[in-house]
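> requesting a structural model of the entry that follows:
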Amino acid sequence: MLLLSLTVIPSAIAQAPGFDEFGYNYKAKVFVGEADGVDRILDGKVWGDPTYTYDHLVMKWSKEWDDARFHGAPWGPKAWVINEWNGQVPMGSGETWHYKIVWSGACADNQPAPGGGYCIWGQFAVVMDQGVSTSSFYCESNGGGHQFCTRAIPNGLGYVYPP
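This is a model prediction of the structure:
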């Protein structure tokens, strides 16, 4: 199970219209493609690991995320990113996952997030983490492989955390 952050890129590339060869469309603030391209290296691996290479990935991020991540603006409560994995594809991992990640400002890694969820990357909270896997993770499961790792309330995008 991978949790992604957007790769740092030169601002000239960030403004190019359309999709690049890796799957990024920075103008539309979206990545769509095989996970192999998310690290901007088409080598049959995702950050050196072949497990998720063929999984289909959709990432979307807000203008505020884009401004802070790529253009030096301060982080704020409207900064968010979502990751939607689909490993139910030929040669895929077999897993599917959906993450919602928001800027919190009040987080410490590996701690519960204010309002629910869990903290990652210093100032960010995962407010929704759910998917399907045959692996045994630390998540609550409904017995059919569907797991809920976190369901913060609220778990929408653009809320101020803590609520």
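> how much space separates the residue nearest to residue 25 when sequence neighbours are not counted from residue 33?
Nearest non-adjacent residue to residue 25, counting by CB to CB, 6 or more residues apart in numbering: residue 19, 4.7 Å away. Bear in mind the C-beta positions are built from the backbone N, C-alpha and C, glycine included. The gap separating residue 19 from residue 33 is 8 Å, by CB to CB, to the nearest Å.
> likewise residue 106?
With distances taken as CB to CB, residue 106 is found 34 Å from residue 33.
> before we move on, what about residue 95?
In this view, residue 95 and residue 33 are 17 Å apart by CB to CB.
> of the two, who's got more company?
Neighbour tally, residue 95 and residue 33, criterion other CB atoms under 10 Å: the higher count belongs to residue 95, 22 against 18.
> how close does that one sit to residue 87?
Residue 95 sits 4 Å away from residue 87, going by CB to CB.
> shared neighbours, those two?
Residues touching both residue 95 and residue 87 (CB atoms under 8 Å, 6 or more residues apart in numbering) are residue 55.
> any idea of the mean pLDDT in stretch 105-120?
What stretch 105-120 shows for mean pLDDT is 81.
> what's in contact with that stretch?
3, 75, 77, 101, 104, 121-129, 149-155, 161-163.
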